[in-house]
Each structure stands twice: as C-alpha cells, then as structure tokens.
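Enquirer: give me a 3D structure for the following:
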Amino acid sequence: MPRLSVSAALRAALLSSVAAAPVAAATLPAHGPLRVMVISDEVNPNNLSDAQLTQPGDLSTALNATDSGLHLEGKATEVSSQCVDDALAALTSAQPPQVLIYFAHRSALGCNQSDQQAALTTAFEAHLKRGGGIVVFHHGGYTWPGKEALMPLLGVSASSISWSTSEGQRVFNVAPGHFVTTNSVVYGGRAALSAMGAVPAGTFDYFDNIPDERYPNTALLTQTGETRTILFASNSGGTRVLGYALERPGWQGRVLFYQPAEYQPHALDDRSGPNFQILANAIVYSVHQEGGSSAGAGGGGGAPGSGGAAVSGGAAAAGVSGSNEQSSAAGAGGSATGGSSGSASSAGGSSAGTGGSGNGSAATAAGASAGGASTSLPNDSIDSQLASDSSGCGCRLAEAQSSTPRSAAALLLTTISLLRRRARVSPRSKPLRARA
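Expert: Take a look at the predicted model:
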C-alpha cells in the first residue's frame, strides 16, 4: 500500500474541497441582519423542467444558502400567493419582515381561497411607509386579473411573453455607478442602446441571458412626486425597461423591480453570476443598507443611488414598449429622462467586483425550450394554462432548507483537523498510511 504524507494529504484535501464547493459567492457590504419573506407562485408557459424553471421554494433556498452574501436574521421564509395568511400575519406583527420579495403572478388568496389581494396591497403600502423594502421579481410585475390595484403601487404593468433560446435577452446597465447595477456585477460586453420612453440612449455595459423570457409589453406606472431610477434595459425584441429603483413621498422604503428570472440556472443557481448578484444588491438597497448600515426595518431615508436616468412621474403610464408596440402613455406620460440622480448613500463600503461564472444546474440552453428557438405567448395562452392547472395551491411553504455544499474553507479546516488528530503519533508526525 502506498504511503501518503500529511502534506500530500493536505494538498489532496485542498484540491478536493475546492472542487466540491462553490467557486465564488455573491458579494455585499456589511449590513445588519435582515428579515426576508418571499411571496411566490408558479406558472410555466414555456414547459421548462424543474431544474430550469424558477419555482416556489427556489428563492428562499438560494437566499438561505451560505454563499448568498446576505446576513439574515434567521432564515428567509416563503409563502404561497394562494395561501397568504402567514404573510398577512407577519406584516402586521411586532417584528415584520424588512424585505419582501414579490414573485407572484396570480392574485392573492387566503388559505380558505378567499380573495385577499386588497388586504395584501394595503399591507404592502404600510410596509413601504414604515421603511420596509419590496423587490418585485420577474412575474411579480406581470398584470393579472385581481392584481390591478397593486400594480400602480409597484410602479409597473407587464403583459405578453416571449421565450427565446437563441438570442435570450440582453441586459444593459443604464445606471453606471448605481449600487444595484455596479456592486460586484460583472458585464461581458459594451454596446450602443437607442432611447425609447424612459430608456436613455447611450453606450452601456451589458451581459446576455440565453435563454430568457421577455415581457415585450412593459409599462411604467408613475405617480406625482416619485423618484425613479431606470437601472436596466434591453433591446432584445424591442427596447424596454428591465429594472428600476423607485421612491415615493411618504415611503421610507424602496421598491426595486427586476424582470429577468424565468431560467433558474441564471437567476438563482449561479450565485456569483450577475443575475443573483443584482437580486442580492436589490435586497439590501431596498432598505437603505447599501452603505453598510445596520439600521432596523428599512433604515433611514436617503437619496437614490448615483447614476441612471431619473424619471419624475406624473400620474400616468410611461410607455416602455417592445417591438412593434406603441407607447402606452396616457396623457402626459409622466416621464422625462433626466441626468444622473445624485446620492450620498450609493456604494460606500461595497466590495470589489468578483468574477467567476458557471451554472449550478445540469440544464443547458440547448435543452431549455420545449419547442423552437423562440415562442411568443399572449395573455390568453397563460390564462388557458392556469385554467387547466389542477395542482391547487402550494399553501404554507415551510422555510427552505439549503442544500448548498459547505464552503472550501470549512471543508479544508475540517480535513486538516482530522488529519492532525490522526497524525499525532509522536511530536513529529509519522507518515500516514493511505487507506484502501
């Protein structure tokens, strides 16, 4: 049997532990512990597999992972939009969640299937006024029967979808220097973007999501006195807004919107990739902790982060449309693309950008489509799918347990400790005999 020295064993342990663990993680400035709740549901118009589709339970699992970069108070919890009793109770409790991630396509129902959308909308507004943040994630910004009163509060109304496996969706950073777009987000290219509606013209950094689901019809719902910074835009299949940061009079918290998230390997599995980093940035920014603050339920006030097109709204829908679509502005449109929105609380204390990439899923772009390189599905296609969905509500989703592998450092330290204990035969450790 060959002999294996302690040093050789340590080198082998290091290599194996690094290979077994995530290469990199999301990177955030130091921030106070956050209470986070996800409100979610599932639609699957593109017939993706479980590994490909971002589903209920996936978000909280990713947020609770050791490589999420987030400092959480306890674990992130997740509640079904079709059984929102726990969410309503939490939002009116003595210690409500500080950040809500709204990933719900459907109108809210109670666990007894009663209509609770009005109650949830009221709770959201109170949440923002007391300093809580809301991240409107992917289909949370999609208009659905029963959600009409909520969408103006969130500031967006999206409709129609298009799924592309060949071109996907290009994500432009149109707010250079803003914390959400800049903190540890790596971009792979730079190109010109034409103006449309609230989207500014210029040459911007971008990355490509291939495949991805697009929302060709995306309108901004503005209100008098608001400050909105357009963060991300796309020209894939037409120019439109993909993300923004929103503040309004009377709010102490912020609303962040980010549309790309259908494809789980991009959105959640690649924790060092740009999409998850943007989500993590949005979470801390929504409660004014981008500067490393340890404030409570949302922190203090503060100006929007630096950079980006500031849009001051009138009470109308600012048209931000995709291909072959006209502006959806009603009346004045309420949008004027301004210069950079100044800030004294942008990225102070943030870490340098991290590289790295890679999928945490075996799903590939080539196998992501159920049929064809690109499909365009109007609202009635999704209506039909949901009408035939007999799965019922997921109801009370328990706290997701992370299955993320232990970090390389933790595995290495454990291995070193075991090897040292086994090697203590004499003050000078004898070579260890390799086991079969």
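
Enquirer: can you show me the helices along the stretch 101-250 of the chain?
Expert: 117-129, 151-154, 179-182 (DSSP state H, counting those that start in this stretch).

Enquirer: so which of these gets nearest residue 57?
Expert: helix 117-129 (19.9 Å; C-beta to C-beta). Backbone N, C-alpha and C define where each C-beta goes, glycine included.

Enquirer: averaged pLDDT, that closest one. What do you get?
Expert: Across helix 117-129, pLDDT averages out at 98.

Enquirer: same question for stretch 72-91.
Expert: 98.

Enquirer: between the two ends of it, how far is it?
Expert: Stretch 72-91 stretches 17 Å from its first residue to its last (C-alpha to C-alpha, to the nearest Å).

Enquirer: buried stuff in that stretch?
Expert: 75-88, 90-91 (16 or more other C-beta atoms under 10 Å).

Enquirer: repeat that for stretch 177-186.
Expert: For stretch 177-186, a neighbour-count test (16+ other C-beta under 10 Å) marks 178-185 as buried.

Enquirer: could you dump it to PDB, C-alpha only?
Expert: Below are the C-alpha coordinates for stretch 177-186, written out as PDB (Å, rounded to 0.1, in the frame of the first residue of the first chain):
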ATOM      1  CA  GLY A 177     -22.300  53.900 -10.700                       C
ATOM      2  CA  HIS A 178     -25.600  52.900  -9.100                       C
ATOM      3  CA  PHE A 179     -25.100  50.400  -6.200                       C
ATOM      4  CA  VAL A 180     -27.600  47.800  -7.700                       C
ATOM      5  CA  THR A 181     -26.100  47.800 -11.100                       C
ATOM      6  CA  THR A 182     -22.400  48.100 -10.100                       C
ATOM      7  CA  ASN A 183     -21.700  46.300  -6.800                       C
ATOM      8  CA  SER A 184     -19.900  43.100  -7.800                       C
ATOM      9  CA  VAL A 185     -21.900  42.800 -11.100                       C
ATOM     10  CA  VAL A 186     -19.700  41.600 -14.000                       C
END
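
Enquirer: number of residues surrounding the residue lying closest to residue 102 once chain neighbours are set aside?
Expert: Among residues not flanking residue 102 along the chain, residue 140 sits closest, at 3.9 Å (C-beta to C-beta, 6 or more residues apart in numbering). Neighbourhood size, residue 140 [other C-beta atoms under 10 Å]: 28.

Enquirer: swap in residue 259?
Expert: 28.

Enquirer: just the one 4 residues further on next, same as before
Expert: Each residue near residue 263 was counted by other C-beta under 10 Å, and the total is 29.

Enquirer: burial count for residue 238?
Expert: The number of residues near residue 238, taken as other C-beta under 10 Å, comes to 18.

Enquirer: check the gap between it and residue 170 for me.
Expert: With the distance defined as C-beta to C-beta, to the nearest Å, residue 238 ends up 12 Å from residue 170.

Enquirer: turn the helices of the stretch 101-250 of the chain into a markdown table, including distance to residue 60.
Expert: What follows is the helices of the stretch 101-250 of the chain, written out as a markdown table (distance: least, C-beta to C-beta, whole Å):
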| stretch | distance to residue 60 |
| --- | --- |
| helix 117-129 | 18 |
| helix 151-154 | 20 |
| helix 179-182 | 21 |
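
Enquirer: now, of those helices, which is deepest in the fold?
Expert: Of the helices of the stretch 101-250 of the chain, the one with the most neighbours on average (mean count of other C-beta atoms under 10 Å) is helix 179-182, at a mean of 28.

Enquirer: which other helices and strands does that one contact?
Expert: Judged by 3 or more C-beta pairs under 8 Å, 6 or more residues apart in numbering; DSSP states H and E, the packing partners of helix 179-182 are strand 227-234, helix 274-286.

Enquirer: what's the closest of those to residue 256?
Expert: Short answer: helix 274-286, nearest of those by C-beta to C-beta, at 4.0 Å.

Enquirer: alpha carbons of that closest one, as PDB, please.
Expert: Extracted in PDB, the C-alpha atoms of helix 274-286 (Å, rounded to 0.1, in the frame of the first residue of the first chain):
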ATOM      1  CA  PRO A 274     -24.800  38.800 -12.500                       C
ATOM      2  CA  ASN A 275     -28.500  38.000 -12.000                       C
ATOM      3  CA  PHE A 276     -28.200  36.700  -8.500                       C
ATOM      4  CA  GLN A 277     -25.800  39.500  -7.500                       C
ATOM      5  CA  ILE A 278     -28.400  42.000  -8.800                       C
ATOM      6  CA  LEU A 279     -31.100  40.400  -6.600                       C
ATOM      7  CA  ALA A 280     -28.800  40.500  -3.600                       C
ATOM      8  CA  ASN A 281     -27.900  44.100  -4.200                       C
ATOM      9  CA  ALA A 282     -31.600  45.000  -4.600                       C
ATOM     10  CA  ILE A 283     -32.500  43.400  -1.300                       C
ATOM     11  CA  VAL A 284     -30.000  45.500   0.700                       C
ATOM     12  CA  TYR A 285     -30.700  48.600  -1.300                       C
ATOM     13  CA  SER A 286     -34.500  48.400  -0.800                       C
END
